[in-house]
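Novice: Sharing a model that was predicted from the sequence below.
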Amino acid sequence: MLIDRQTTLRIPGMKGGAFRIAVILLGGFFSVAFIALTLWTSVTAQRDEMVRLAHSYSQAVMSFRAFYAETVVGRVGGLVEITHDYHENPHALPIPATMTLELVDYMNTRDTSLTIAQISDHPFPWRADRILSEGQSRALDGLLRSGEDMLTWSTSEEDGRVLHHAMAIRMDATCVGCHNSHPDSPRRDWQVGDLRAIQVVSVPFRSAGLMENNPLRITAGFVLLSFVGALLALFTMDSRVRRFLRLARESAIERSEAATALEEQARDTRAILDNVLDGIITIDQRGIVASFSASAQRIFGYPEDEVIGRNVSMLMPQPYRREHDGYLARYMATGVARVIGIGREVTGRRKDGTHFPLELSISETTHDGQPLFIGIVRDITERKRVEQLKNEFVSKVSHELRTPLTSIAGSLGLLAGGAVGQLPDAARPLVDIARTNSNRLTRLIDDLLDMEKMAAGKLAFDLRTEPLMPLLHQALEANQTYAEQLGVRFALRECGEDVAVRVDRWRLMQVLSNLLSNAAKYAPRDSVVEVSACVHKQTVRVAVKDSGPGIPEAFHDGVFQRFSQADSSDSRQKGGTGLGLAITKELVEQMGGRVGFESTPGAGATFYFDLPVVPSSSVPGDTSSSPDTTHGSTDTP
Amino acid sequence: MSTLQRILYVEDDPDIQAIARLALENVAGFTVHVCSSGEAAVREAAAFAPDLVLLDVMMPGMDGPSTLAALRTQPLLATTPVVFMTAKVQPSEVSHFRSLGALDVIAKPFDPMSLGTQMRAIWDTRPR
């Protein structure tokens, strides 16, 4: 039933009601057919049984007649008269035909369940008045014509259907002589095999018998029960089965929808990745390329299939190409990364062999338990070109600015220096103002150039190991004049012995000048700016302390940013460029140190920088000629 | 020759020329011959026979380094000390100029009152 249902369910558009009716009709048809077949089988079997019974009965009578004719009549034929009216003569025996007829009558009276009759188309005269039924005469004709020995048919009588079984009685050798010589014989040319008569046994069908057949009853009952049971099952399970099938169908639809959604998402992701300007390359722990995005293909000029499965070092020029495997292996072994998680500018190699600047950032993830490296590459050829243009522009502008500035500053210097004679007293302050401002302009241009170079990472450092104190003295000296103009005095407070630091002398002077001039600018007239260099563990802190107004709390975060001054009017009042502290921070950090400040508004500010101390054992005797030059490096011993 | 007296000064900007001439002649007391281009310097150098050449770096036509190279081909100027004067004074640039054969580099803008002193100090560092 279930299978039927499912099969039927696949028929599109078939509703539940129609389906149910179809199932009932189909089940009913099969049940009826089954019962009918069973009945037919049963009826056929009963009929066969009756034919066999009639045949045996008939055979028995025939056997007895043959026995009588051969054994009795044959032996006593000469001694006793054999006649059909043996009742009249006490010393006579009946002829076989008479004996048979009377035996049949006798048997009919003994067993009423069946009757037997002998019929001939050549009856003896004394039996000429016999009456033949329609069936009997048709059977007689049939057997005469066909030459067969048996015929079975059935008729409907008043008390039910009756089976008739006819058997041919044929002449044999013992009979032919008598029949051809007997005075009453209706025929005298009998031959062996001629049909003398037929013997018909009639058995009534037992109408009630069929239903009394137990196996049949059980079979029919079983079929009916199955049908009813199946119908019940159908109706009770119907809703559940339907729900189950509906759920199955819905979940199949959901699955296919989910699969479609996943496919769409994968397509979207792919489209996004392909349209990102940066190339995305993934490699495994051996450096074998696992994926190569459309942008990466465009950047390197390689189609995907020429890169996937090969070592990523093919995208690098020598010597990086040679070193990459070792680098990767070292990273896998030690976990020390040079690029991973950091990102840097490297050189790439296109398919056509040209090299180009490349910004590379790598992140690490795992895929199926194996490390997977995701590299994001960006062709920075254009950016580099623009950077270079900008640098050239800044350099050009600064030169163009410096040429007139050189004339102005030079002229003012000569005037103020008295090279062309004494200035009138009224003119002197004006020349001084012009000179101060031209100096300020010069510093601004210097700072701008420095800032520019630092932003481009191109500031060169000449790092040497030097004693700190002489540098401090030199810086104080260089800024003394400026401080005196502002009525401020520098005081160096020594604490402990001198130490050596690894710095670029020129840059350190720049740092100290920035801090000292700043302090002098903001310190009140007639005050002292205290400078100290104290060692704490492995670092030395150089601090410049003023007793000026301090730095407002709100401004603390922006102190070391470019063009930031607490009060924008300060810039004009105090003559700063707004770049000094930003440059200071950058310079100190480039030399491996760090800057900071402490300030209480209204109670002055202390700006300081910490530098790593070079252990005395590694300080060479002649420090000034230490040939240790490193450009753009931040490494410290 | 142990004292610095004759300076060949090459500078294209006339204003700076005037100031430098004042600073070197009037303030410091040197004998100065000024050329307005590298080409002029190459032509006139031998005749002037300077003790030292002060050379601007950025000039139209022959710039400082090419003027230096041209002067070095003249026997009289093969070993004459040369000082560059330029706005570009990054340490790396200074070492670049030194590698070209300059004795030192003076930054622009310069202090005219101390320019002479600076020149004498540089003169004293020349290889002898």
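Specialist: Noted; the coordinates are in hand.

Novice: Name the residue most distant from the centre of chain B?
Specialist: B:Ser92 (19.7 Å; C-alpha atoms, centre = their mean).

Novice: Pull up the residues of chain B that are close to chain A.
Specialist: When proximity is defined as C-beta under 8 Å from any C-beta of the partner chain, chain B approaches chain A at B:13, B:15-16, B:19-20, B:22-23, B:26-27, B:58, B:87-88, B:90-92, B:108-113. (C-beta placed from N, C-alpha, C; glycine too.)

Novice: OK, contacts around B:Gly29?
Specialist: Listed by C-beta atoms under 8 Å, 6 or more residues apart in numbering or on different chains, the contact set of B:Gly29 reads B:Gly116.

Novice: Please confirm that it is located within a helix.
Specialist: No. If the criterion is DSSP: H, G, I helix; E, B strand; the rest coil, then B:Gly29 is coil and not within a helix.

Novice: Residues in a beta bridge with the residue positioned nearest the centre of chain B, which ones?
Specialist: Nearest to the geometric centre of chain B sits B:Leu54, at 0.7 Å (C-alpha atoms, centre = their mean). On the basis of DSSP bridges, B:Leu54 is bridged to B:Tyr9, B:Val83.

Novice: Please, a PyMOL command that selects the buried ones among the residues of chain B next to chain A?
Specialist: A single PyMOL command suffices to select whichever of these are buried according to 16 or more other C-beta atoms under 10 Å in any protein chain shown:
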select buried, chain B and resi 13+16+19+20+22+23+27+58+87+88+91+108+109+110+111+112+113
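
Novice: For burial, what's the neighbour tally of A:Val522?
Specialist: For residue A:522 the amino acid is Tyr, not Val. For A:Tyr522, the neighbour count with other C-beta atoms under 10 Å in any protein chain shown is 23.

Novice: before we move on, what about A:Leu37?
Specialist: That count, for A:Leu37 with other C-beta under 10 Å as the rule, works out to 11.

Novice: correct me, but A:Leu579 touches A:Glu452?
Specialist: No. The pair A:Leu579 / A:Glu452 is not scored as a contact, 10.5 Å apart, by C-beta atoms under 8 Å.

Novice: Of those two, which one has the most company?
Specialist: A:Leu579 (21 against 17).

Novice: Run through the residues that contact the more buried one.
Specialist: Neighbouring residues of A:Leu579 by C-beta under 8 Å, 6+ apart: A:444, A:447-448, A:450-451, A:562-563.

Novice: ok, which stretches of the stretch 301-450 of chain A are helices?
Specialist: A:320-334, A:381-416, A:428-455 (DSSP state H, counting those that start in this stretch).

Novice: and those helices, which one's lowest on average pLDDT?
Specialist: When those are ranked by mean pLDDT, helix A:320-334 comes last with a mean of 77.

Novice: export that helix as CSV, just CAs?
Specialist: Output of helix A:320-334 as CSV, limited to C-alpha atoms (Å, rounded to 0.1, in the frame of the first residue of the first chain):
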residue,chain,number,x,y,z
TYR,A,320,64.4,36.2,-2.6
ARG,A,321,63.4,33.3,-4.8
ARG,A,322,66.3,31.2,-3.6
GLU,A,323,65.8,32.2,0.1
HIS,A,324,62.0,31.7,0.3
ASP,A,325,61.9,28.0,0.9
GLY,A,326,64.5,28.3,3.7
TYR,A,327,62.6,31.2,5.2
LEU,A,328,59.3,29.3,5.2
ALA,A,329,60.9,26.2,6.7
ARG,A,330,62.5,28.3,9.4
TYR,A,331,59.2,29.9,10.2
MET,A,332,57.5,26.5,10.4
ALA,A,333,60.3,25.3,12.8
THR,A,334,60.8,28.4,14.9
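
Novice: Now do the buried residues in it.
Specialist: By neighbour count on 16+ other C-beta under 10 Å, the buried set for helix A:320-334 is A:324, A:327-328, A:331.

Novice: Remind me what that helix packs against, helices and strands.
Specialist: strand A:344-349 (3 or more C-beta pairs under 8 Å, 6 or more residues apart in numbering or on different chains; DSSP states H and E).

Novice: buried ones in the strand it packs on?
Specialist: Within strand A:344-349, the residues scored as buried using 16+ other C-beta under 10 Å are A:348-349.

Novice: Check which helices and strands that strand is in contact with.
Specialist: helix A:294-300, helix A:320-334, strand A:355-367.
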